[in-house]
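Asker: sequence and predicted structure are below.
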Amino acid sequence: QVQLVESGGGLVQAGGSLRLSCAASGHTGSSSTMAWFRQAPGKEREFVAAINWSGGTYYADSVKGRFSISRDKAKNTVSLQMNSLKPEDTALYYCAARTLGVITSQRGYNYWGQGTQVTVSS
């Protein structure tokens, strides 16, 4: 089992920045791929970004050039730096992990955090 705990959410004005962090504990060898998803009210959960064990990164088109995902293997953490935030980025952001390679479907992720709220005001 892998436990994931997110932090760093909050309220920010449009154009601002936030940095989300996710700490993994437990059997972290099962978290080859780490990812961030988000879910806005009334919408389905959607893929935001992912990073594989080799450091390869993947992004949703909506956040490319604005968000950056990184991981610290020694600390078992993954971060999401979010710049130039827009009101449409408002959502509950989830950290997720899976044993195998990167996919963008939430169904392939075995482990999930509880989420951290990001609210971007206009």
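Answerer: Done, it's in.
Asker: how about the nearest residue to Gly9, chain neighbours excluded?
Answerer: Thr116 (3.4 Å; C-beta to C-beta, 6 or more residues apart in numbering). Placement of C-beta: from N, CA and C, glycine included.
Asker: next, that neighbour: phi, psi?
Answerer: phi -140, psi 140 (degrees, to the nearest 10).
Asker: and it, bridged to which residues?
Answerer: Taking DSSP bridges as the rule, Thr116 bridges to Tyr93.
Asker: ok, it - how many residues close by?
Answerer: The local packing of Thr116 (other C-beta atoms under 10 Å) involves 22 other residues.
Asker: who's in contact with it?
Answerer: 6-9, 20, 92-93 (C-beta atoms under 8 Å, 6 or more residues apart in numbering).
Asker: again, only this time at 10 Å
Answerer: 5-10, 18, 20-22, 38, 80, 91-95 (C-beta atoms under 10 Å, 6 or more residues apart in numbering).
Asker: helix or strand: which one has Arg38?
Answerer: Secondary structure assignment for Arg38, by DSSP states H and E: strand 33-39.
Asker: can you tell me the centre-most residue of this protein?
Answerer: The centre of the chain sits closest to Trp36, judged by C-alpha atoms, centre = their mean, with a distance of 2.1 Å.
Asker: quick one: contacts for it?
Answerer: 6, 20, 22, 47-51, 59-60, 63, 67, 69, 78-80, 82, 93-96, 113.
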